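Trainee: Just the structure for this:
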Amino acid sequence: MAKLVSLADGVAELVRDGDTVALEGFTHLIPFAAGHEIIRQGRRDLTLVRMTPDVIYDQLIGAGCARRLVFSWGGNPGVGSLHRFRDAVQNSWPAPLELEEHSHAGMANRYVAGASGLPFAVLRGYTGTDLPRHTTNIRTIDCPFTGETLTAVPALRPDVTVVHAQRADRAGNVQMWGITGVQKEALLAARRSLVTVEEIVDEFEPLPGQVVLPGWAITAVAHAPGGAHPSYAQGYSVRDNDFYQAWDEISRDRDTFRDWITQHVLTAEAQA
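Mentor: Numbers count the residues shown, from 1 in each chain. Below is the predicted model:
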């Protein structure tokens with residue numbers, strides 16, 4: 001059964017220097033509060049994994065938490081580039097950033113392989129692309145039954161996966177709904193997991209399209225209302241489009257970025 005913890009205690013216990021960390025969420029339920037707590041606690045040398053690294057990864061990279069990024073797309077959704085990401089790649093500021101790039105299908109299948117206890121995943125993707133020339137973790141494999149040449153990618157098994165969801169019950173089971181990405185697979189593939197939630201309830205109200213993550217598969221749950229802002233949590237909040245637009249200017253300049261991180265993350269209190 002997952003234990004209920006504070007966000008600060010959950011990050012302190014589960015996220016360690018040098019870990020491979022996946023913070024997953026798609027369009028909504030992006031675990032910003034947990035990412036900010038990782039920054040506050042000064043974690044370093046992380047391998048950050050995410051299918052679609054956006055603003056929270058820009059912040060983690062700019063704060064010096066990351067050594068390596070494993071991903072399939074990166075950008076400020078609907079706005080443009082991630083300037084702290086770009087600065088790290090082009091200028092090694094605040095530290096050099098290694099890259100491992102995949103397709104969306106490749107990343108999703110890597111999580112599925114990890115969740116299934118398999119050493120690798122097989123798919124037809126990557127054919128005709130340059131990714132295999134630049135990513136050593138993409139290999140060809142011949143099907144033993146048809147002889148068809150396919151692509152193999154190694155399983156993803158993060159040291160810790162962090163996701164945000166709408167509700168948890170007091171036994172540590174988690175309920176989420178709306179647009180879902182690979183949160184379930186990323187969580188099941190991880191050695192440890194932290195789920196932040198909008199609300200802790202005595203009993204779930206069944207909802208169409210819900211995903212229930214069982215408490216036995218989760219290490220810890222933290223109550224973090226508003227923990228997806230500036231993304232949204234369906235049924236609880238709306239997307240802060242103004243913030244995403246403002247981030248483009250905030251993140252362009254190193255000093256402006258550092259001032260923002262200091263004011264809004266480093267000196268802000270962690271959620272209880």
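Trainee: what about stretch 254-261, distance to the chain center?
Mentor: Mean-position distance between stretch 254-261 and its chain equals 22 Å (CA atoms, centre = their mean, to the nearest Å).
Trainee: Okay, buried residues for it please.
Mentor: 257, 260-261 (16 or more other CB atoms under 10 Å). Every residue, glycine included, has its C-beta placed from N, CA and C.
Trainee: what does it contact?
Mentor: 39, 59, 62-63, 83-84, 87, 93, 249-251 (CB atoms under 8 Å, 6 or more residues apart in numbering).
Trainee: Let me have these in JSON lines, adding neighbour count as columns.
Mentor: Formatted as JSON lines, those follow (neighbours: other CB atoms under 10 Å):
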{"residue": "Ile39", "neighbour count": "19"}
{"residue": "Gln59", "neighbour count": "26"}
{"residue": "Gly62", "neighbour count": "24"}
{"residue": "Ala63", "neighbour count": "23"}
{"residue": "His83", "neighbour count": "21"}
{"residue": "Arg84", "neighbour count": "27"}
{"residue": "Asp87", "neighbour count": "21"}
{"residue": "Trp93", "neighbour count": "16"}
{"residue": "Glu249", "neighbour count": "10"}
{"residue": "Ile250", "neighbour count": "19"}
{"residue": "Ser251", "neighbour count": "23"}
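Trainee: Could you find which two of those are furthest from each other?
Mentor: Ile39 and Glu249 (20.0 Å; CB to CB).
Trainee: Confirm for me that Trp216 is in contact with Met1.
Mentor: Yes: assessed by CB atoms under 8 Å, Trp216 is found in contact with Met1 at 6.6 Å.
Trainee: residues near the closest residue to Ser103 other than its chain neighbours, how many?
Mentor: The shortest distance from Ser103 to any non-neighbouring residue, by CB to CB, 6 or more residues apart in numbering, is to Gly125 (5.1 Å). Neighbour count of Gly125, defined by other CB atoms under 10 Å: 20.
Trainee: got it, and Thr127?
Mentor: Other residues close to Thr127 by other CB under 10 Å number 11.
Trainee: Which secondary structure state does it sit in?
Mentor: Of the three states, Thr127 takes coil under DSSP: H, G, I helix; E, B strand; the rest coil.
Trainee: Which parts of the protein are helices?
Mentor: 7-14, 32-40, 55-62, 83-91, 104-116, 131-134, 183-189, 241-250, 254-261 (DSSP state H).
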